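S.K.: What shape does this take:
(one chain, ligands or ions: 1)
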Amino acid sequence: MRGDFLLKDQVVFLNHGSYGACPREVFEIYQTWQRELEAEPVHFLGRGFAPVMKQARQDLAAYLGADADDLVYYPNATQGLNVVIQSLAENLPLVAGDEILSTNHEYGALDKAWTFVSEPRGVIYNRVELTPPFTTAEEFADRFLAHVGPRTRIVYLSHITSPTALRFPVELIVKRARSLGLITVIDGAHAPGHVAINLTEIDADFYSGNCHKWLCAPKGSGFLHARRDMQKLLRPIVIGHGWRTTPPGESVYVHEHQWRGTFDPASYLTVPAAIEFQAHHDWARIRADAHVMATYAMNRLIDAFGEPPMSPPTTDWWVQMVAAPIGRCDAGAVSTRLYEDHTIVIPIIDWGGRTFARISVQAYTTRAELDLLVDALVDLVPKFPHPSAKAG
Ligand SMILES: Cc1ncc(COP(=O)(O)O)c(C=O)c1O
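M.R.: Model prediction:
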């Protein structure tokens, strides 16, 4: 499907995970919305805005197995989760000695957001070391939740992790955390379009995700979902016209969070087209094929470098994105050479004392591109030793 995307011909794009890529057809709809706005800004952002946004929310809610009144578009998961993190700190409130239980697989910017609210309050942001390999959801949940202590108030983790590309069993974690009386916050940045999601079944207190990554919507389309009974804890980061003006019968949560001053809502309004695009192209099959291809690349790298994988190679643990272990090397230098010498775009990640190539396989990826990656890594890794090896 390479021709269906706008990616440059020369680039071997194995990093869908970072920012996604938008199909041509979906991007054209995005631009049509932008033109409509510019053709009549006052009408579009005034009278026209509420009904089209409502439709876009309803379509996304139906896709995510949620109620549209519990779902607000935010530009990205960083902002959605910042609303949760800053609100919980203020409104629970979090006080000295309270603990947030998390993992050492989380996204750096959000580790910072938790640290930002925790440090001045004397709150403990506990990033538990969960060292692979992982075997089953139950084993993972046991290991993680064994760290719950008397002052733990919140459990925070990713649905699909950034540095290790692992799919964590959030359904089980949420269930068990709730039975312990804990609040659950899930970072779903990589999940929509990547794994089937039913937010009602996951039932996390707060779940924020991105549409611009694996759902292939335009950049700047994310959302924050909050359980109805927890919405009162959230404060919009921006106070604007929505505050104290919710029309009768409408969701206060949606009304207060949705309008954050003048902005371009075209990326949100295009999300239904992205959902439709994937449905039309039988994305369940594309995901299944992508998993087979990613497994192929990972097995070749395991053969080449002899490093053990982090989990079984099943879709319980990863689907279209896998962190394949390679020989220990200078990640920055190898990733630069991959791009400069082979135009391969892929993150090479230093994590937990090991090095990984985080391979994203999308509808446009070919087996030849994966072979090119493996051959290039076999050549480059021995040439660029890890800085610790050089020093010692
Ligand atoms: C696990 C995870 N959470 C959050 C984010 C942040 O996404 P965004 O920059 O769209 O807010 C990322 C980005 O890659 C991520 O991998």
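
S.K.: quick check, Arg178 in a helix?
M.R.: Yes. Under DSSP: H, G, I helix; E, B strand; the rest coil, Arg178 sits within a helix.

S.K.: mind checking how far it is from Cys211?
M.R.: Going from Arg178 to Cys211 by C-beta to C-beta, to the nearest Å gives 27 Å. Where you see a C-beta, it was placed from the backbone N, CA and C, and this is true even at glycine.

S.K.: Same question for Ala324.
M.R.: Distance of Ala324 to Cys211, given as C-beta to C-beta: 26 Å.

S.K.: that older thread, which of Arg178 and Cys211 has more residues huddled nearby?
M.R.: For Arg178 and Cys211, the more surrounded residue by other C-beta atoms under 10 Å is Cys211, and the numbers stand at 28 against 15.

S.K.: That one: what's it in contact with?
M.R.: Cys211 makes contacts with Leu60, Pro192, Gly193, Ala217, Ser221, Gly222, Phe223, Ser267, Val271, Ala274, as judged by C-beta atoms under 8 Å, 6 or more residues apart in numbering.

S.K.: Just the closest of those to the ligand, please.
M.R.: Gly222 (6.0 Å; C-beta to the nearest ligand atom).

S.K.: Need phi/psi at the most centrally placed residue in the chain.
M.R.: For the chain, the residue nearest the mean C-alpha position is Ala189 (1.5 Å; C-alpha atoms, centre = their mean). Per-residue torsions, Ala189: phi -50, psi -40 (degrees, to the nearest 10).

S.K.: If I follow the layout properly, it ends up in contact with Lys213?
M.R.: Yes. Using C-beta atoms under 8 Å, Ala189 makes contact with Lys213 at a distance of 6.6 Å.

S.K.: Pro325 in helix, strand or coil?
M.R.: Going by three-state DSSP: Pro325 is strand.

S.K.: any idea of the pLDDT on it?
M.R.: pLDDT for Pro325: 98.

S.K.: before we move on, what about Ala391?
M.R.: Listed pLDDT for Ala391 reads 59.

S.K.: what does Ile237 give?
M.R.: pLDDT, Ile237: 85.

S.K.: any idea how far it is from the ligand?
M.R.: Distance, Ile237 to the ligand, using C-beta to the nearest ligand atom, to the nearest Å: 14 Å.

S.K.: Quick check: end-to-end length of stretch 40-56?
M.R.: In stretch 40-56, first residue to last residue: 20 Å (C-alpha to C-alpha, to the nearest Å).

S.K.: Residues contacting that stretch, please?
M.R.: With contacts defined as C-beta under 8 Å, 6+ apart, stretch 40-56 is touched by Glu36, Leu37, Ala68, Tyr73, Gln258, Thr262, Pro265, Tyr268, Leu269, Val271, Pro272.

S.K.: Point me to the helix or strand that includes the closest residue to the fifth one other than its chain neighbours.
M.R.: What sits nearest to Gln258 in space, not counting adjacent residues and going by C-beta to C-beta, 6 or more residues apart in numbering, is Val72, at 5.7 Å. Taking DSSP states H and E as the definition, Val72 sits inside strand 71-74.

S.K.: Which is the succeeding secondary structure element to that strand?
M.R.: Once the chain leaves strand 71-74, the next helix or strand it forms, by DSSP H and E, is helix 77-91.

S.K.: What helices and strands are in contact with that next one?
M.R.: With contacts taken as 3 or more C-beta pairs under 8 Å, 6 or more residues apart in numbering; DSSP states H and E, helix 77-91 sits against helix 108-118, strand 183-188, strand 206-210, strand 222-226.

S.K.: Distance to Val95 for these - can I get that in a markdown table?
M.R.: Output for the helices and strands packed on helix 77-91, formatted as a markdown table (distance: least, C-beta to C-beta, whole Å):
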| stretch | distance to Val95 |
| --- | --- |
| helix 108-118 | 11 |
| strand 183-188 | 14 |
| strand 206-210 | 20 |
| strand 222-226 | 22 |
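
S.K.: Most tightly packed of those?
M.R.: Mean neighbours per residue, mean count of other C-beta atoms under 10 Å, is largest over those for strand 206-210, with a mean of 29.

S.K.: What are the contacting residues of it?
M.R.: 20, 64, 74, 76-77, 80-81, 84, 159, 183-192, 197, 199, 221-227, 230, 234.

S.K.: Now with 7 Å, please.
M.R.: Strand 206-210 is contacted by residues 76-77, 80-81, 84, 185-189, 191-192, 199, 222-226, 230 when judged by C-beta atoms under 7 Å, 6 or more residues apart in numbering.

S.K.: got the residues of this protein near the ligand?
M.R.: Neighbours of the ligand within the chain, by C-beta under 6 Å from any ligand atom: 18, 76-78, 107, 110, 158, 161-162, 187, 189-190, 210.

S.K.: Can you pick out the most distant pair from those residues?
M.R.: Maximum pairwise distance among the residues of the chain next to the ligand (C-beta to C-beta): 16.8 Å, between Asn76 and Thr161.

S.K.: so where does the residue lying closest to Ala304 once chain neighbours are set aside fall, helix or strand?
M.R.: Excluding its sequence neighbours, the residue lying closest to Ala304 (C-beta to C-beta, 6+ apart) is Val378, at 5.1 Å. Using DSSP H and E, Val378 sits within helix 367-380.

S.K.: Count the residues that sit near Pro150.
M.R.: Pro150 sits with 6 neighbouring residues when counted by other C-beta under 10 Å.

S.K.: go on, Gln10?
M.R.: For Gln10, the number of neighbouring residues by other C-beta under 10 Å comes to 6.
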